[in-house]
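Got a predicted structure here, sequence first:
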Amino acid sequence: MEAPPDNNVLWARSLHFTHRDGSPALGGVSLGVRESEILAVSGPRGSGKTTLLHCLSGLVPAQHGEVWFNSMPVHTMGPAARERLRRNRFGWIDPVPVLVPELNVWENAALPLMLRGTSRRRAKAAAMEWLERLDVGDRAHSRPHELTQAERQRVCITRALAPAPSILFADEPTAPLHRADRAHVLRTLTTAARSHGITVVLATHEAETAALADRKVELLDGRRVNTVHLPPVVEPEGPGENEPEGQAESQGTACSLSV
């Protein structure tokens, strides 16, 4: 078993995963994520983005392959060890906001910190700081059912950022937001990650969201896609036999390959 490169905080090799119905989700995906990097995992719906994030975070163990976090083999950990890792070192944002209905907004945002043993006072201070940054500080004492869908998602993003995780996994984090809100939330998320040295693995099918990342990995049908630019095709001088004058040109082509 080969340890990952030292400059990668997260590293995966040849991940395979098949759903219970037999449909393949990942077909041998390998990647490395550098510390403090924002990596976008892009691709159409159903390409395997969510499954990849689940395997990288230890939420679901890959059926074959390896996942390493800071030279720790996540793929050999038991369920309890993976749960501790997610609670203490990882943050997660789902595309659908889920909050604890019995808790108010700041309590929901501070919950991961309090589960770690942070005092209620310190946990509230950290949560309030991020609620203010995400423009929901005035809803701190509201209950989840009193919030709009967009407000609930902002609270979920706060909950993920407040504990200052080593890695933040964000699965379509702006899906519930109106287009006008997306830019502000994404800017806050990426600025916070860079200023706090948080590594982000972001799943998205939107090109404008992927453009905010430092690097992009594209999936198609559970495999990484590499775009190969082929050399231009040089046509003979002069028009072809059945080609009008002026139509013969040298053109380059590009194709996408799943590897």
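Ah, there it is. Residues are numbered from 1 along each chain as shown.

Give me the residue at the spatial middle of the protein.
The centroid of the chain falls nearest to L202 when counting by CA atoms, centre = their mean (2.0 Å).

hmm, who's touching the helix or strand hosting that one?
For L202, the host element (DSSP states H and E) is strand 199-204. The contact list for strand 199-204, computed with CB atoms under 8 Å, 6 or more residues apart in numbering, reads 9-10, 33-42, 49-50, 52-53, 56, 166-173, 189-190, 193, 209-210, 213. For every residue, glycine as well, the C-beta is placed using N, CA and C.

just to revisit the earlier point, bridged to the residue nearest to the centre of the chain, which residues?
Note on L202: beta-bridge partners by DSSP bridges are A40, A170.

how about stretch 90-104: buried residues?
Applying a neighbour-count criterion of 16 or more other CB atoms under 10 Å, one finds 90-95, 97, 99, 104 buried in stretch 90-104.

could you dump that stretch to PDB, C-alpha only?
Extracted in PDB, the C-alpha atoms of stretch 90-104 (Å, rounded to 0.1, in the frame of the first residue of the first chain):
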ATOM      1  CA  PHE A  90     -14.300  17.700   7.700                       C
ATOM      2  CA  GLY A  91     -17.200  20.000   6.900                       C
ATOM      3  CA  TRP A  92     -20.100  19.100   4.600                       C
ATOM      4  CA  ILE A  93     -22.700  21.100   2.700                       C
ATOM      5  CA  ASP A  94     -25.600  19.300   1.100                       C
ATOM      6  CA  PRO A  95     -27.600  20.600  -1.900                       C
ATOM      7  CA  VAL A  96     -30.800  20.400   0.200                       C
ATOM      8  CA  PRO A  97     -30.600  22.300   3.600                       C
ATOM      9  CA  VAL A  98     -31.400  20.100   6.600                       C
ATOM     10  CA  LEU A  99     -31.500  21.700  10.100                       C
ATOM     11  CA  VAL A 100     -32.600  20.400  13.500                       C
ATOM     12  CA  PRO A 101     -36.100  21.800  13.900                       C
ATOM     13  CA  GLU A 102     -35.900  21.900  17.700                       C
ATOM     14  CA  LEU A 103     -32.900  24.300  17.600                       C
ATOM     15  CA  ASN A 104     -32.800  27.900  16.600                       C
END
